[in-house]
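[1] predicted model follows, preceded by the sequence.
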Amino acid sequence: MASESGTTNSYESAIKGSPDAVAEFTQRRSAVHSFQHLLHQTPSLVPLIVLLAAVAVFAALLGAKFFSPFTLTLILQQVAITGIVGAAQSVVILTAGIDLSVGAIMVLSSVVMGQFTFRYGLPPAFAVLCGFACGALMGFINGTLVARMKLPPFIVTLGMWQIVLATNFLYSANETIRSQDITEQAPILQLFGESFRIGGAVFTYGVVAMLVLVLVLSYVLRHTAWGRHVYAVGDDPDAAELAGVQVSRVLVTVYVLSGLICALAGWVLIGRLGSVSPTAGQFANIESITAVVIGGISLFGGRGSILGMLFGALIVGVFSLGLKMLGTDPQWTYLLIGALIIGAVAVDQWIRKVAA
């Protein structure tokens, strides 16, 4: 009886002690593991840390020459188009897709705006709407081929990139519409190139458009049913479909939205250049993917934030301008950005182990 009583008491002690044991185990989680969980919950934290570190380093090396309102807003002006096209790329990559045609759609939309105004004599405001319709149409074709015909996004958008690029040159006859003509006859096309001052800082309306777009998309993706469906499709399309998400419709709307955002980038591009050039923005697709990857959005879909993409674009801008001000060889910029891309993918893989 004494033995049984002792066994019972030991058993009861073990049961009573188990919550404490679990609590003690939880408290012993390593700092690295806790940091890993934090980064998994807040993907934009990594590019923000890198951005602040880069600004601090160049501020230490260049002093007030770099860390001034004018220089910092100049970086914003330089990354405005990359940030807008990066937003278009982000919504696609969140669904585990990719859009290699974003740069070509941007340029074709800008060419349509210019040509419809000067070749056909349409009101400039209506020509701008035609440019947006062009971007939406290209996005709709991409989305239909990916969602309805189940073709790989990489192949579809690679082909669309070539088609749109060729269409752009054939339609425009490689003709540039001069800045002087636009200023005199259709100043609305240069709207996003106009600037205003706040103290020593200089902002263009293109920068404002980028910031507003990022904030609106960030809210929509995090706080609307459509946004949650985008993440669900990127994380696991089969599970999303079983949960009642119309996967095909979500994919089509994502690519159409991407096309519309690219058209906005085309309008901003006209303001940035002052002219309509069919040869502009040749590397916008690569630059957008760079901003997305460095910004912590997973290429496997379902994880990341538009805000992180903006930080990624700003990192590239800070490195480009900072190294240029230091007088270094431009190739160092590409070297460092390449290292950041590989590092960002490695960090993403490390963070994803938390959810595994």
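    Okay, I see it.
[2] confirm Gln282 sits in a helix?
    No - counting by DSSP: H, G, I helix; E, B strand; the rest coil, Gln282 is not found in a helix; it is coil.
[3] can you map out the helices along the stretch 151-300 of the chain?
    Using DSSP state H, counting those that start in this stretch, the helices assigned to the stretch 151-300 of the chain run over residues 153-172, 179-185, 205-223, 225-235, 237-242, 247-273, 284-294.
[4] show me what counts as buried in the fourth one.
    Spelled out, that is helix 225-235. For helix 225-235, burial by neighbour count (16 or more other Cβ atoms under 10 Å) applies to Gly227, His229, Val230, Tyr231, Ala232, Val233, Gly234, Asp235. The C-beta positions use only the backbone N, C-alpha and C, and glycine is treated the same way.
[5] list the contacts for the spatially closest residue to the fourth one that is not a sequence neighbour?
    This points to Tyr231. With sequence-adjacent residues excluded and distances taken as Cβ to Cβ, 6 or more residues apart in numbering, Tyr231 is closest to Gly302, at 5.4 Å. If you count contacts by Cβ atoms under 8 Å, 6 or more residues apart in numbering, Gly302 has them with Leu94, Ala96, Tyr231, Ala232, Val233, Gly234, Asp235, Asp236.
[6] which of the buried residues of helix 225-235 has the weakest pLDDT?
    Sorting the buried residues of helix 225-235 by confidence puts Asp235 at the bottom, with a pLDDT of 92.
[7] hang on, that one packs against Val247?
    No - between Asp235 and Val247 no contact is recorded; they are 11.7 Å apart, counting by Cβ atoms under 8 Å.
[8] sorry, back to before: okay, the contacts of Gly302 in JSON lines with distance to Tyr205 next?
    Output for the contacts of Gly302, formatted as JSON lines (distance: Cβ to Cβ, whole Å):
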{"residue": "Leu94", "distance to Tyr205": "27"}
{"residue": "Ala96", "distance to Tyr205": "34"}
{"residue": "Tyr231", "distance to Tyr205": "31"}
{"residue": "Ala232", "distance to Tyr205": "35"}
{"residue": "Val233", "distance to Tyr205": "33"}
{"residue": "Gly234", "distance to Tyr205": "32"}
{"residue": "Asp235", "distance to Tyr205": "36"}
{"residue": "Asp236", "distance to Tyr205": "40"}
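[9] with the residues you listed in mind, which one is nearest to Ala201?
    Ranking the contacts of Gly302 by separation from Ala201, with Cβ to Cβ as the measure, puts Leu94 on top at 31.6 Å.
[10] that closest one: neighbouring residues, count only.
    A count of nearby residues for Leu94, using other Cβ atoms under 10 Å, gives 25.
[11] just give the closest residue to it, not the sequence neighbours.
    Once flanking residues are discounted, Leu94 sits nearest to Gly234: 4.8 Å by Cβ to Cβ, 6+ apart.
[12] now do the contacts for the one you found.
    Shown here is Gly234, whose contacts under the criterion Cβ under 8 Å, 6+ apart are Ile93, Leu94, Thr95, Ala96, Phe300, Gly301, Gly302, Arg303.
[13] name the SS class of the fourth one, please.
    So that's Ala96. coil.
[14] now it: closest residue in space that isn't a chain neighbour?
    Gly301 (2.7 Å).
[15] my read is that neighbour is in a strand, agree?
    No - using three-state DSSP, the assignment for Gly301 is coil, not a strand.
[16] surely it touches Ala232?
    No - with contact defined as Cβ under 8 Å, Gly301 and Ala232 do not form a contacting pair (9.9 Å).
[17] so how far is Val256 from Arg249?
    Between Arg249 and Val256 the computed distance is 11 Å (Cβ to Cβ, to the nearest Å).
[18] kindly report the same for Tyr219.
    Using Cβ to Cβ, one obtains 19 Å as the distance from Tyr219 to Val256.
[19] which of those two has more neighbours?
    For Tyr219 versus Val256, the count of surrounding residues by other Cβ under 10 Å is larger for Val256: 20 against 12.
[20] which ones are touching that one?
    The neighbours of Val256, taking Cβ under 8 Å, 6+ apart as the test, are Ala136, Gly139, Phe140, Gly143.
[21] again, but for Val252
    With contact set as Cβ under 8 Å, 6+ apart, Val252 has these partners: Phe140, Gly143, Thr144, Ala147, Arg148.
[22] host element of the second one?
    In this assignment (DSSP states H and E), Gly143 forms part of helix 124-147.
[23] report pLDDT for Leu45.
    On pLDDT, Leu45 comes in at 83.
[24] may I see the buried residues of stretch 53-66?
    Of the residues in stretch 53-66, those scored as buried under the neighbour-count criterion (16+ other Cβ under 10 Å) are Ala54, Val55, Phe58, Ala59, Leu62, Phe66.
[25] before we move on, what about stretch 242-261?
    Result for stretch 242-261 [16+ other Cβ under 10 Å]: buried residues 245, 247-248, 250-261.
[26] relative to Asn285, which of these is nearest.
    When these are compared for distance to Asn285, the smallest value, 11.5 Å, is given by Ser258; criterion: Cβ to Cβ.
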